[in-house]
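In: Let me see the structure of the following:
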Amino acid sequence: MTADTAQIAQQESHHLRSMIAALREELEAQSIGRERAVQDAITTKESEIQQLRETAAALRESLESLTFEKEQAVQDAISKGRDEIRQLKHTAGALRENLEILRTEMEDEVQRAISQGRDEILQLRGTSTALRDELEALEIDKSNAVQNAVSQERNEFQQLTRTIAALREKLEMQKAEYENEIETLRRSSREQVRELQETISVLRNQLEA
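Out: A predicted model of the protein is given here:
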């Protein structure tokens, strides 16, 4: 091997080393660029997933607040019904006491009339009969009033029962809608994750290529 040949070989070797170094730098730059693109894609998807999580949490809080408000409304309705029932019981008790007082007074009056003589007894018998009829009519009126009050309370209780059932049905519907929305969000999140995985796989294949 002559000196010129050795020099030419050395120059070619140096040139090849320079080309290899340049190619290595270019490959490293491409690798860094691809890694940055992958990281940006991952960051974007993680941000979207976090937003979906926050949305789901907000929906859950709204549903819990709505459930509490509905339960409070039901409790208020039940409490109101109980108060009305208690008032009606008090009214019925007062009417019963008044009726007993009236009956006692009428019996006392009959006894006093009997003691005044037979003539007065004859007169008082007619009066007693009239008073008895009036008392029976009064008892019937009071009984009807109590029955009407009880019937009204029963109707109000049935209305409250229907209202509670309607509220429960509405709550179940809202719960079903909430679960559907959550399932849709989950499905969307899975699709986004799958797309992200596919994107990462494509980028990895490009990098390996």
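In: which residues touch the closest residue to Ala77 other than its chain neighbours?
Out: Computed as Cβ to Cβ, 6 or more residues apart in numbering, the closest residue to Ala77 that is not its neighbour in sequence is Leu160, at 5.3 Å. C-beta: built from backbone N, CA, C; applies to glycine. Under the criterion of Cβ atoms under 8 Å, 6 or more residues apart in numbering, the neighbours of Leu160 are 77-78, 81.
In: Please identify which of those residues is nearest to Ser188.
Out: Nearest to Ser188, judged by Cβ to Cβ, of those is Ala77 at 39.4 Å.
In: Distance check, that closest one against Gln159.
Out: To Gln159, Ala77 is 9 Å away according to Cβ to Cβ, to the nearest Å.
In: repeat for Glu69
Out: According to Cβ to Cβ, Glu69 and Gln159 sit 20 Å apart.
In: same for the helix or strand harbouring Gln87, what does it pack against?
Out: Element membership for Gln87 (DSSP states H and E) is helix 3-115. Packing contacts for helix 3-115, counted by 3 or more Cβ pairs under 8 Å, 6 or more residues apart in numbering; DSSP states H and E, involve helix 118-208.
In: as a whole number, average confidence for the helix it packs on?
Out: In this model, helix 118-208 has an average pLDDT of 80.
In: what angle separates it from helix 3-115?
Out: Angle of helix 118-208 versus helix 3-115, following axes from the mean of the first three to the mean of the last three Cα atoms, to 10 degrees, is 180 degrees.
In: burial of Val146, as a residue count?
Out: Number of residues near Val146 (other Cβ atoms under 10 Å) recorded here: 15.
In: Now it. Nearest residue, chain neighbours left out?
Out: Val146 sits nearest to Ala92 (Cβ to Cβ, 6+ apart), 5.3 Å away.
In: can you pull the contacts of Ala149?
Out: Contacts of Ala149 (Cβ under 8 Å, 6+ apart): 88, 91-92.
In: Over to Glu26?
Out: Applying Cβ under 8 Å, 6+ apart to Glu26 gives no contacts.
In: what about it, distance to Met19?
Out: For Glu26 relative to Met19 (Cβ to Cβ), the value is 10 Å.
In: same thing with Asp40?
Out: Asp40 is 32 Å from Met19, where distance means Cβ to Cβ.
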